[in-house]
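Engineer: generate a structure from the sequence data that follows.
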Amino acid sequence: MKRTATCSLVLILILSGCTRRQAAHPLPTPKAYGTLIVEVSGGKQIAGVGSKLPDPLVVQVNGADGNPVAGALVSFRCAGLVFNPPDALADSSGQVSVMVQLAGIPGSYQILAETPKSSGGTATVTSSEIALGYQQKLGKELSEKYCTVCHDPQSTPERVSNFDNLSPPAPHLFTDGNTLNPMSDADLIKIIADGGPALGKSPQTPAYRGTLTTAEIKAVVAYLRAIADPPYPVALGK
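Structural biologist: Prediction:
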């Protein structure tokens, strides 16, 4: 299932626009300088196009001694995304939290967080976030309803995972691009529709042909392609 050409376009825009500041936002004056910036939390979130990510993206600035640096300036860049705030000074723990609103085009977005160094230049770290289009969002909803209980090892208050109770154990995560990327869309559609035995896989993978429509099965495949880690190569789409 091919992603749209606009997805490729937005990736180009992301790479070219990550150094642009959001307009009309005064740049804070740094009170200290670090040598390294790292992601603490908030990467690899998934949400619908144009929506705000549920959790903040948090980064931390450290000095050469490995200790956090309070007052260091951190700036966030990525074309099409909105950051609140786009620039801020690190708190007493050396951290900056930013809320992120995704762009209106589906795809994987690489956010650049940077901090100036006293020696000149900048230290940077990138974080990935994923914006889902309508079809991919539908696939996510269907996956959570029918598939996640066996393909996600994490239990929640609403769902107890069956991940560790299956034989063969530990079925592949839906984010497992190393396993799923080489499979064609046709094979993924077939295994969802007709179950594991259709492709010589585990018989515990049920058939959903009688539960999901063809469009819904394709939506699940589109979702798998969107969340693949490593990313699904667009050139492989069929």
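Engineer: could I get the buried residue list for stretch 106-122?
Structural biologist: Within stretch 106-122, the residues scored as buried using 16 or more other Cβ atoms under 10 Å are Pro106, Gly107, Ser108, Tyr109, Ile111, Leu112, Ala113, Glu114, Thr115, Pro116, Lys117. Heads up, the C-betas are built off the backbone N, CA and C, glycines and all.
Engineer: before we move on, what about stretch 135-144?
Structural biologist: Neighbour-count burial for stretch 135-144 flags Gln135, Gln136, Lys137, Leu138, Gly139, Lys140, Leu142, Ser143 (criterion: 16+ other Cβ under 10 Å).
Engineer: re earlier: quickly name whichever of the buried residues of stretch 106-122 is closest to Phe174.
Structural biologist: Closest approach between the buried residues of stretch 106-122 and Phe174, by Cβ to Cβ: Ser108, at 15.1 Å.
Engineer: doesn't that closest one fall inside a strand?
Structural biologist: Yes: counting by DSSP: H, G, I helix; E, B strand; the rest coil, Ser108 is part of a strand.
Engineer: quickly name whichever of the buried residues of stretch 106-122 is closest to Ala219.
Structural biologist: For the buried residues of stretch 106-122, the nearest to Ala219 is Pro106 (12.5 Å; Cβ to Cβ).
Engineer: now do the closest one against Gly80, distance only.
Structural biologist: 11 Å (Cβ to Cβ, to the nearest Å).
Engineer: before we move on, what about Val96?
Structural biologist: 21 Å.
Engineer: pLDDT below threshold where in the chain?
Structural biologist: 1-25, 151-171, 234-238 (pLDDT under 70).
Engineer: show me the strands in it, by range?
Structural biologist: In the chain, strands defined by DSSP state E lie at 36-41, 45-48, 57-62, 73-77, 82-84, 87-89, 95-101, 107-116, 122-132, listed in chain order.
Engineer: alpha carbons of the second one, as PDB, please.
Structural biologist: Below are the C-alpha coordinates for strand 45-48, written out as PDB (Å, rounded to 0.1, in the frame of the first residue of the first chain):
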ATOM      1  CA  GLN A  45       4.200   9.200  19.900                       C
ATOM      2  CA  ILE A  46       1.400   8.500  17.500                       C
ATOM      3  CA  ALA A  47      -1.600  10.800  16.900                       C
ATOM      4  CA  GLY A  48      -3.900  11.900  14.100                       C
END
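Engineer: could we number from 48 for the rest of this?
Structural biologist: Shifting the count to begin at 48 puts that one at strand 92-95.
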